[in-house]
Each structure stands twice: as C-alpha cells, then as structure tokens.
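*Asks:* All I have is the shape, not the residue letters:
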DNA sequence: CGGTTACATGAAACCGGTTACAGCGAGATG
DNA sequence: CATCTCGCTGTAACCGGTTTCATGTAACCG
C-alpha cells in the first residue's frame, strides 16, 4: 500500500509537497504538481482516509439514525426507501458518505452521540419512525449538524424537512369539491402523530374555505394501517347520512376503505369517491387506481443533504424546508377508471 | 475531547496501559483496570476510531455497494429495503457499521475499489440490481471479503446469498396442482435474468414431476412489471386453450395479470387461479389477495452479514447460501377469498 | 547593489491511538 | 542467596496523513 512518503520519495519531494499537490494545488509549482499527480496515478496511490480524518477532524461521513426497531411499525413504509436513495445520492454528489448507525436498543441510550464522536461524523440525518427519545435530543444538542425528517426540531445546528401535509390535504378536498362532491368525510391518522394532525387541519381549512360545514360525524380516526381504514370506513357507512367522498389520510387506510366500500355493495368512485395520501406503489395497482396526494420523496433526501452539508460548511441552521405535495388523479375520484 | 494520554495522566498510568485496559483487559491488573474504566466513564472518554483504524488497519465498517442508478429499474423493489434493514441489524449486532458507498456513474469505474482502500473497509456487500460491471469484478478480485446478493459469484474471498427460486416455483406449481388445476401456464421474468430463468426451470421441473405436459404456448415471457404481466396474460387468454391456472414469476406482473383477467370478464380464482412470487406488500392488499411465494428477505441480510464477518475473521469464503422460499396462500388460488 | 517580497519547498510536530520490547519487583526454585 | 519466572507496566516507535514555521531562491525596487 503506497503511502504519501513513498510517493514523495519517488518524486524527489517532501510529503508536505505531495499533500499540498492534492489539497492545495494552487500553491505548488505547476511542474511539480503534474509530476506528483502523474506518479500517484502510476503507482495507484490513494490517501488513507483514517489518517486524514485523524489529522483534519473531518471525515466526510454523515451518520444516518434510522430506528428500525421491528416492534415499532412504520419503518417498513416504502417512503423510507425512496428517501434513503435520495439522501445517499445527494450526499455522494457532495462528496459525503452515509454511515448507517446502529439503532438504539443496543446498549445504553446515547449510542448515537458516542458513534458521532468516535467516528468524527460531520453531520447526522435522522429518519424518524415516530419516537423522539432523549438520545435524539442529546444528539441534537451535542452540536453536530443535525437534520430531522418529518419532525419539527430546531436549534443552532438543527433543522428539519417535512412535507406540506396541510396543503396536500387541502388539494385533496378541493379536488373532491371540484368533482361535485359535497358530503366529504375524512379518515385521519392518529391524532398524536404530526402528519395525522396536519392532514386533518388541512381538511378543516379547505372545508371552511369552500363554505362547507364541518361535521364531526364525518371525521373518523384511523391508524394508518389497512385494518384501521377498513374499520373507519365501516363506521362512516353506518352513519345516518352517507358521505359521497372521503379523504383518507394514508394510502394503506384508503385500500382498507376501498375494500369496506366494496363489501357494502357500493362502488368507487360512483357512490363514493376516494382520495388517499402518500402515493405508495399500491395506489397505482389497486383497482380502480387510487387518487392520492404524492409527497416528493426524493426531494426529502436532497433537501436533507443540502441542509446538513451547508451546516457542515459552517452556515447557521437553514430554515425548515416544507416540500410541496401534488395531487395524482386516478380512478377512485373520476368516473372513468383508467387502466 | 478527552484523549488517551489525558486519561492516562489522570489515572497515573501510561497510555499503553489504558489501551490495554480496553482491548486486552486480562493482561492488566484488576485494580488498575477498574480505575481506568471508571475514570474513563467519568470524563466521558471515547476512543477515536480514526486513530484506531490507522493503527490497526481495521475499521469495523462494511461497505454497501448498491447501484441505485435511477435509469436502471429494479432498485425500487421493496425487497431491497427489507434486505437492507436485515443487513444493518445483523451487522450492528456483530459490531460492524454499514457504509453506503457512492454509486458508480460517479467518476471512473473502480470507485468502489478505491473507496474500500481509502476507508480501510473490512468487507463489502453488493446488492445487485442486474448489472455485473467490471468494477464489481475488480472489487471481488481485490481481496476484500465480498458477499453478493442474488448473483452467483465465488472466489477465495467471495461468496453469495440467494433464494431458492427453483424450489419456490415448484411450490407454486405443486400448490396449483393440489387445488385441482391441470392446465397450468406461466408468465416468466426476462430469460436473461437469473431469477427469471430459475423460476422457469422450477416450473418445468415440477410439471415433469407431476407428469403434466410441457406446452410452449403456455409459457409467455414478461418483464417483471405490471404492464408486462398484463400483456402476457392477454396473450394467454387469446390462445386456443385457456389455462385454468397461471404461475406468475413476480407479484407486480401478477397484479397486471389479475387486471387482464378481470377485463376479460373472468374471475380469479374461479376461472383462473394465480400464484405470484415475492410477497410484496401489494400481494396482501389487492383483492382477492394474491397467493405468492415469499422470500426470506430479512434472512438475506443476516446470511450476508454472517458470511462477510466470518471472512473478515479470517475464514475462507463459506459456501453459497440458498435461502428457502415459502408459499403464502391467499384468495387468488382458493375458492373462498379471505378479507 | 543591499533590501524587500513573493513563491516554492522542506523539517518537524502533531492528530490519537496500538504494540514490540524492555524493565522491574515479587515470589518460586535450586 | 543467586537466579529464574511471572505478572504488570512504561518507553518509544509507528500508523499515514496535515500544517506551522522556517528557509532558500529569484525577482523586484529604490
């Protein structure tokens, strides 16, 4: 394994000059520089990152805290995969690697902080599966640049990225209204979750704007899962007045709702129109195609990468990024189902 | 940031003794050891991994080569997420971190080999999205312990993990036969892909074992996507004799097939029974529930972690692991559809 | 022509660990 | 009592880079 001293010897210069030829090319004589780079290529010299990190305290690695505890559902969401890819791609493009940190549960609580210090991580991204345990707080307070996804935390070196849940919900309701629906119900996520609360908020906001009445009996809480959506839809169908449209705050619940409607002998979208949220793979596959609010999943990764890198470069924590959501229209809200 | 020399000074011993107290506890006097560990805890001493890696040439990091080139479909498969989680969990459990390497496309070809050398990676896992480019070959030949997923490569320090595709296909066909189906067709994956070829092989094998004739007109090639499954199913329906069951080599294609059958005014499973492959999320969600062959996705990660760690520990490359597949029975192959 | 300046380079310390080797005291042995 | 072991610890070199500071040289100026 070629070292910098060896390369220096071959070129008849000192290690310092070789180092400069790579990191500070402009301060070294053009001829020398060329020779160093050429020789380096010839002998296949590669700087040792551990040595470099040791000397500079910069590792060009960003940690990913992703609690994949299997007892805690949520991490399975297709969502995460897209975010992960986006994040990795965006970070690579900026010269950073992504180090997946061991999950909590292992050992004591602040394993994250320890990992960051041990490995000289330059920053951290947290994909949040719902809990905000103290170890994450300590991490955010430890001073490393920190970006959280979907969790509104802020600090001198901490910011977050999230989707415009309120706006997305409003899009959905507006769309149903435009299609002539007036009795618009909603199946929400759990009230204590942030997306759940925000999507309900958007539903209410848009109802108000449209001058439609807010009816408590048209709001049923689900759990983001298929079974919860199924149960919630049944409750809606048992009510005195049947809604002619439902905004479902998650696609999986929407599939459950779809099934409940079918079991009741009703048809989507003729009897009841449906709009979901998330645009997961199933949405396109389940007949008649689920109209849904899509999040910019790749955008999450990019935005997170940008934020963390800018803080690493010394900037203050940038303001939170709220990513726009878009409506994807499919068969469940239109009269002519497509393939 | 506390260093080892500082800690040594506080304890009135030499840095060497402190180092030993951590890495070779049995050679240092019990009293001294206790004191060192206690003081370390008090002042929050953490060894610097870069320095340690520099000295020992062991990083306790495993690289993940995962080609997430967006032009190349396949990486989106839910499959990967489960594998990734399994891998990460299994590696953490063994004290290794997972470093996601920048994808190819960036810079010249052997970015991977370079990354491995620069970062002193102890091993590499390759999640393969279909291509086997020369850079991966060079990586495998470079001497680092290497485990490939779903790609049969072997060498002194290289092995692989894959699913029993043949056996899974046989399970599917046998199941259809047990349900009384005799005219069993298949929609295959692309012939040039390994899973595609193996699943077709299994189909043929089991047909032979059951004494059923092999009919070329009952074999149609798909592309692993919904549209390909849809088109393939239509071709099967146009044939002279209609099959009463189809083994579809991928769940997405199966959903396409399901749709084509519906459009033809036929019913699943009454007219045609269907068995898919992969057990992706949709399989459970799409009515009437897709019977399918499940792969042990978490097992992939665990097996890969075991293999790479054993090689890191000095063992020869273990033999390839072929993970068993299991049949998940749902409505598409039974007469009474479940919820 | 002496003195300043800019440029290019080298010597050496340093980052924070590990480890080969040597040394030392205490108890065991001849 | 001299010597040998054994258990424990310290010294110092080393891993492979970076960076401060000093130095030498050539160009520039009055």
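*Replies:* Cool, the structure landed. The shown structure was predicted, so the numbers you read here are calculated from the model rather than taken from an experiment. Residues are numbered from 1 along each chain as shown, chains lettered A, B, ... in the order given.

*Asks:* Need the contact partners of the helix or strand of chain A with the lowest mean pLDDT.
*Replies:* Sorting the helices and strands of chain A by mean pLDDT, DSSP states H and E puts helix A:134-141 at the bottom, at a mean of 77. For helix A:134-141, contacts defined as C-beta atoms under 8 Å, 6 or more residues apart in numbering or on different chains pick out A:65, A:104, A:109-113, A:116, A:124, A:126, A:146, A:148, A:153, A:155, A:157-158. Any C-beta I mention is one placed from the backbone N, CA and C, and that applies to glycine too.

*Asks:* Could you list which of these belong to strands?
*Replies:* Among the contacts of helix A:134-141, the ones falling in strands (DSSP state E) are A:65, A:124, A:126, A:146, A:148, A:158.

*Asks:* Which one of these is nearest to chain B?
*Replies:* Of all those, chain B sits closest to residue A:65, with 11.7 Å by C-beta to the nearest C-beta.

*Asks:* contacting residues for the closest residue to the closest one other than its chain neighbours?
*Replies:* Nearest residue to residue A:65 in three dimensions, chain neighbours excluded: residue A:126, at 4.5 Å (C-beta to C-beta, 6 or more residues apart in numbering or on different chains). When contacts are counted by C-beta under 8 Å, 6+ apart, residue A:126 touches A:64-66, A:136, A:139, A:146-149, A:151.

*Asks:* do the same with residue A:326
*Replies:* A:171, A:293-294, A:296.

*Asks:* Sketch out the helices for the stretch 1-150 of chain A, chain order is fine.
*Replies:* Remark: helices assigned in the stretch 1-150 of chain A by DSSP state H, counting those that start in this stretch are A:4-11, A:15-23, A:30-43, A:49-56, A:78-93, A:111-118, A:134-141.

*Asks:* Put together CSV for those helices, with mean neighbour count and distance to residue B:331 on each row.
*Replies:* Output for the helices of the stretch 1-150 of chain A, formatted as CSV (neighbours: other C-beta atoms under 10 Å in any protein chain shown; distance: least, C-beta to C-beta, whole Å):
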stretch, mean neighbour count, distance to residue B:331
helix A:4-11, 17, 65
helix A:15-23, 18, 63
helix A:30-43, 14, 62
helix A:49-56, 18, 54
helix A:78-93, 22, 23
helix A:111-118, 20, 44
helix A:134-141, 18, 42
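
*Asks:* mind putting those in TSV, distance to DNA strand D included?
*Replies:* Formatted as TSV, the helices of the stretch 1-150 of chain A follow (distance: least, C-beta to the nearest atom of the strand, whole Å):
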stretch	distance to DNA strand D
helix A:4-11	3
helix A:15-23	3
helix A:30-43	10
helix A:49-56	3
helix A:78-93	20
helix A:111-118	16
helix A:134-141	26
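
*Asks:* Out of these, point me to the one whose mean pLDDT is lowest.
*Replies:* Mean pLDDT per stretch puts helix A:134-141 lowest among the helices of the stretch 1-150 of chain A, at a mean of 77.

*Asks:* what stretches of chain A score poorly on pLDDT?
*Replies:* Filtered on pLDDT under 70, chain A yields the residue ranges A:68-78, A:102-109, A:129-133, A:335-339.

*Asks:* So which residues on it come close to DNA strand D?
*Replies:* Residues of chain A lying near DNA strand D by C-beta under 7 Å from any atom of the strand: A:1-5, A:15-16, A:18-20, A:22-23, A:45-48, A:51-52, A:54-56.

*Asks:* if you set the cut-off to 10 Å instead, what comes out?
*Replies:* Within chain A, the residues that sit near DNA strand D (C-beta under 10 Å from any atom of the strand) are A:1-8, A:14-24, A:27, A:45-58.

*Asks:* one step back: right, and the helices of the stretch 1-150 of chain A - which one's nearest residue A:311?
*Replies:* Residue A:311 lies closest, by C-beta to C-beta, to one member of these: helix A:134-141, at 11.9 Å.

*Asks:* residues from the stretch 51-200 of chain A in reach of DNA strand C?
*Replies:* A:51-57, A:117-118, A:120.

*Asks:* Could you dump those residues into JSON lines with distance to chain B added?
*Replies:* Below are these laid out as JSON lines (distance: C-beta to the nearest C-beta, whole Å):
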{"residue": "A:51", "distance to chain B": "5"}
{"residue": "A:52", "distance to chain B": "8"}
{"residue": "A:53", "distance to chain B": "4"}
{"residue": "A:54", "distance to chain B": "4"}
{"residue": "A:55", "distance to chain B": "9"}
{"residue": "A:56", "distance to chain B": "10"}
{"residue": "A:57", "distance to chain B": "9"}
{"residue": "A:117", "distance to chain B": "5"}
{"residue": "A:118", "distance to chain B": "5"}
{"residue": "A:120", "distance to chain B": "6"}
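
*Asks:* among the residues you listed, which two are most distant?
*Replies:* Farthest pair in these, by C-beta to C-beta: A:51 and A:117, 18.6 Å.

*Asks:* Residue A:244 contacts residue A:182, doesn't it?
*Replies:* Yes - with contact defined as C-beta atoms under 8 Å, residue A:244 reaches residue A:182; the gap is 6.9 Å.

*Asks:* roughly how far apart are residue A:20 and residue B:166?
*Replies:* Residue A:20 sits 58 Å away from residue B:166, going by C-beta to C-beta, to the nearest Å.

*Asks:* Could you do residue A:269 as well?
*Replies:* 44 Å.

*Asks:* So for those two, which residue has more residues nearby?
*Replies:* residue A:269 (25 against 20; other C-beta atoms under 10 Å in any protein chain shown).

*Asks:* part of a strand, is the more buried one?
*Replies:* No - using DSSP: H, G, I helix; E, B strand; the rest coil, the assignment for residue A:269 is coil, not a strand.

*Asks:* which residues of the stretch 151-300 of chain A fall in helices?
*Replies:* Counting by DSSP H, counting those that start in this stretch, the helices of the stretch 151-300 of chain A are A:165-178, A:194-210, A:226-238, A:251-263, A:281-285, A:297-312.

*Asks:* Relative to residue A:325, which of those helices is closest?
*Replies:* Residue A:325 sits nearest to helix A:165-178 of all the helices of the stretch 151-300 of chain A, at 3.4 Å, using C-beta to C-beta.
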